[in-house]
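*Asks:* Sequence first, predicted model second:
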Amino acid sequence: MNSTKDSIEQQIIALLVSYLAPRWEADPQARTEVTGATNLTSDLTLDSFQVMEFLMEIEDALDIAVDMNSLSDVHTVSDLATVVARRVNA
Amino acid sequence: MNENSEVEQLQATNPPANHLQPTSVNCDLALKSDGFSGLADALVYAAQGTSGFNFYDHSGQLETVLSYKQLLADAQTLARRLAGLGCPWGSRVGIVAETDPMFHRFFFACQFAGLVPVAVPAGIQLGAHKAYVGQIRRMLESCGATIAVAPESHAGFLAEVARSLKLVMSGTPADFDLLPESNKELVPSSGDDIAYLQYTSGSTRFPRGVEISQTTVLNNLSEIAAHGLKLTRNDRFVSWLPFYHDMGMIGFILVPLSCQLSADYLASRTFAMRPRLWLKLISDNRATISSSPTFGYALCARRLRPSDYERYDLSTWRAACVGAEQIKPEPLRAFAQNLAPCGFNARAFTACYGMAETVLAVSFAPLDCGLQVDYVDSELMTTTGAAQSVAASHENAAGYVDCGAVMPGFEISVRDAQGNALADRVCGEIFLKGPSVMSGYFQDAESTAAVFSKDGWLDTGDIGYRVGRHLVITARSKDVIIIKGRNIWPHDMESVAEKLDEVRLGGVAAFAVPQDDGEDQAVLVVETRDRDAESRDELIHSIWALMHENFGINVLIDLVKPGTLPRTSSGKLSRSQSRAGYFERLAESGRARLIPGIGNRRIA
């Protein structure tokens, strides 16, 4: 598996888009482009339980365990990719 | 014989991959739940048996077993190391309360060394580095901690805080393991010595530490064992509640320990990610006691798939306690219905009432009866305060969950705003007295005086009524909205708004703001991720209409992004902080009043 930060960011974006798909289907207005700069809480309005739910999907997809406490400085998709890349390469 | 075969069955059906075995039930040690001189003494007795604590990891595998016997040995060794630091008797030790055996070790080391443990929150939100560090700093400052410890996962945050605090020592458990052991004899705290400080869940910004003595905590623990849960040697606990919350720490560490029973833990975040592991653990370990606020049952029910319904055996779960300020029956009914094929019995739901100021529990609903909902005439209650019983089908019927009879040690008094005692079935402020009530907030005479009446009763701040010795909680007193002489309970407004599909459970806060004429104006802050102007207008219209239908009042409706409403460390909605946030948004907008959508028709 290629585990550069960029490729992980692309995987996270793909996972996010599929995670948000049902919500966007119900509410097309909420659909938004997801990039590295997208803010998880303010742009995508993920609440704390949704963050956990989404992290679980990342963990299952990449077969890693993300330490929640390493997310205290994560705001954007790109920040998250950095943290996840560290775990994948650990 | 019976117990043995149960243990064998457990081993046969659930062989842990790493060959660890969870602690068993005690076959030889008699259950003893009172007569201890302190928590240390309770541990010394429990260590004679085979029970203890079991920690499960994020995939539900047993990770660490900490028998009471092992805990006693570990705590005494650690106590001698802490004693070597030479801190005065009663010095506070801040422990970052992750779901980790280090919490138990340090908590009990303090008991043996005459130190006072203080559980510090461990939960950190996405991007909340600064907020978290600020929170633990305020707490460590408030209790005047001289020692602080955090698990490896939180070491960095603690180090940031420790720099600016005058601590004798701070670090991870590994750092403390390097300390030499003092050879002085350990003198465990007992009697009137402080057992622990508990920071209340209502105090995220201005922490107040509830001070609980050994005598006080032991009193509540033995009452819970004998009267609340009627514990026997066959009981087993499962919990995912955080240890920095009273229900987690008292209910699932101290209650099982003081009765020599085993407890199995999942981290809170494991539950949030994989709530079904909670049910799996109860099923695998044949647990009998597990608690959650309403939202936990709702989350679990939502994540279940029909294929799960027959996967678990929940028939042993005899007390599914439901705490927190307001118990919502509907999500609980859904949970019970979905899990009936797993043997879950809705009669296991046990409403309970309590607070850190009374150690943990004040009342338990009768066991094996399920939720008892008391239907009262809401119209009459709003106008006169009288909680007159009506049929559930009555047009004004409002249902409140009966929290059961207060335990024998408590005296209750329901009072009006002038302090006069009220009769049965009249709403007022709930006052309590008894040997489980705290002595006060730690080094905070002002806050202490504010919650004790002159005649020594604790003002709980909760509103409700009594039916004999049974308590029914209807709201928090400081939250009541009074509009033209009528009392409107914010919880009621929130519940009504939550009925809309667009409004999330817990995603709405109601409170009052003063108008120019001194009358209260009700405000409803509603979280929505909807950004379309038209559908936002529709949502405002729907809420507006519902409030009129149910309460006949005009409300200001403030739509905000999800995550805006502030929560306390235990996840409860903070109405007072929601109110402060509303004023902050007003100030930012530069307006005298938020006038979103239809709300402005009231103002204009």
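*Replies:* Yes, it's here.

*Asks:* Run the chain-centre distance for stretch B:494-502.
*Replies:* From the chain centre to the centre of stretch B:494-502 is a distance of 24 Å (Cα atoms, centre = their mean, to the nearest Å).

*Asks:* Next: stretch B:146-165.
*Replies:* So, by Cα atoms, centre = their mean, the centroid of stretch B:146-165 is 25 Å from its chain's centroid.

*Asks:* how long is stretch B:106-126 end to end?
*Replies:* Start-to-end span of stretch B:106-126 (Cα to Cα, to the nearest Å) is 28 Å.

*Asks:* Briefly note if it comes near chain A.
*Replies:* Yes - using Cβ under 8 Å from any Cβ of the partner chain, stretch B:106-126 reaches chain A at B:124-126. All C-beta spots, glycine's among them, are computed from the backbone N, C-alpha and C.

*Asks:* and chain A, which of its residues are near chain B?
*Replies:* Contact residues, chain A versus chain B (Cβ under 8 Å from any Cβ): A:23, A:27, A:29-30, A:40-42, A:45-49, A:51-53, A:55-56, A:59, A:65, A:67-69, A:71-75.

*Asks:* mind listing which of those are in helices?
*Replies:* For these, membership in helices holds for A:23, A:48-49, A:51-53, A:55-56, A:59, with DSSP state H as the criterion.

*Asks:* and the lengthiest helix in chain B, average pLDDT?
*Replies:* For chain B, the helix with the greatest residue count under DSSP H is helix B:533-551. The average pLDDT for helix B:533-551 rounds to 83.

*Asks:* So which bits of it are buried?
*Replies:* Across helix B:533-551, burial judged by 16 or more other Cβ atoms under 10 Å in any protein chain shown covers B:536, B:539-540, B:542-544, B:546-547, B:550-551.

*Asks:* Ok, stretch A:38-46 next?
*Replies:* So stretch A:38-46, judged by 16+ other Cβ under 10 Å, has buried residues A:38, A:40-41, A:43-46.

*Asks:* Check stretch B:186-201 too.
*Replies:* B:186, B:188-190, B:193-201.

*Asks:* what's the closest of those residues to chain A?
*Replies:* residue B:201 (16.0 Å; Cβ to the nearest Cβ).

*Asks:* before we move on, back to that, now, which of the buried residues of helix B:533-551 sits nearest residue B:59?
*Replies:* Set against residue B:59, the nearest of the buried residues of helix B:533-551 by Cβ to Cβ is residue B:539 (39.6 Å).

*Asks:* What is the neighbour count of the residue lying closest to residue B:475 once chain neighbours are set aside?
*Replies:* Nearest residue to residue B:475 in three dimensions, chain neighbours excluded: residue B:489, at 4.2 Å (Cβ to Cβ, 6 or more residues apart in numbering or on different chains). Other residues near residue B:489 come to 24 when the count uses other Cβ atoms under 10 Å in any protein chain shown.

*Asks:* Would you agree residue B:489 is in contact with residue B:464?
*Replies:* No - between residue B:489 and residue B:464 there is no contact under Cβ atoms under 8 Å: 10.5 Å.

*Asks:* tell me the SS of residue B:196?
*Replies:* Following DSSP: H, G, I helix; E, B strand; the rest coil, we place residue B:196 in the strand state.

*Asks:* For it, list each beta-bridge partner.
*Replies:* Residue B:196 has these beta-bridge partners by DSSP bridges: residue B:212.

*Asks:* tell me the centre residue of the chain?
*Replies:* Reading this off chain A. Most central in chain A under Cα atoms, centre = their mean is residue A:12, positioned 4.7 Å from the mean C-alpha point.

*Asks:* actually it's chain B I care about, not the one you picked
*Replies:* The centre of chain B sits closest to residue B:247, judged by Cα atoms, centre = their mean, with a distance of 4.6 Å.

*Asks:* Okay, it and residue B:444: tell me how far apart.
*Replies:* 23 Å (Cβ to Cβ, to the nearest Å).

*Asks:* that older thread, my read is that the residue nearest to the centre of chain B contacts residue B:296, right?
*Replies:* No - contact status for residue B:247 versus residue B:296: not in contact, 10.7 Å apart, counting by Cβ under 8 Å.

*Asks:* where does the stretch 201-350 of chain B dip in pLDDT?
*Replies:* Counting by pLDDT under 70, the ranges of the stretch 201-350 of chain B that qualify are B:201-206, B:324-326.

*Asks:* Please give the element, helix or strand, for residue B:81.
*Replies:* helix B:68-83 (DSSP states H and E).

*Asks:* Let me know the average pLDDT across that helix.
*Replies:* Averaging pLDDT along helix B:68-83 gives 98.

*Asks:* next helix or strand past it?
*Replies:* Using DSSP H and E, the helix or strand that follows helix B:68-83 in sequence is strand B:92-96.

*Asks:* is that following strand anywhere near chain A?
*Replies:* No - using Cβ under 8 Å from any Cβ, strand B:92-96 stays clear of chain A, with a minimum separation of 10.2 Å.

*Asks:* contact partners of the next helix or strand after that strand?
*Replies:* Following strand B:92-96 in sequence order, the next helix or strand is helix B:101-113 (DSSP H and E). Residues from elsewhere that reach helix B:101-113, judged by Cβ atoms under 8 Å, 6 or more residues apart in numbering or on different chains: B:38-40, B:43, B:53, B:55, B:64, B:66, B:71-72, B:74-76, B:78-83, B:93, B:95, B:97, B:115-117, B:119, B:149, B:151, B:173, B:186, B:188-189, B:195-196, B:243, B:253.

*Asks:* Could you pick out the buried ones from these?
*Replies:* With burial judged by 16+ other Cβ under 10 Å, the buried subset of these is B:38-40, B:43, B:53, B:55, B:66, B:71-72, B:74-76, B:78-83, B:93, B:95, B:97, B:115-117, B:119, B:149, B:151, B:173, B:186, B:188-189, B:195-196, B:243, B:253.

*Asks:* tell me what the helix or strand bottoming out on mean pLDDT in chain A is packed against?
*Replies:* Every helix and strand in chain A was compared by mean pLDDT, DSSP states H and E; the lowest is helix A:48-62, with a mean of 84. With contacts taken as 3 or more Cβ pairs under 8 Å, 6 or more residues apart in numbering or on different chains; DSSP states H and E, helix A:48-62 sits against helix A:5-26, helix A:77-88, helix B:268-273.
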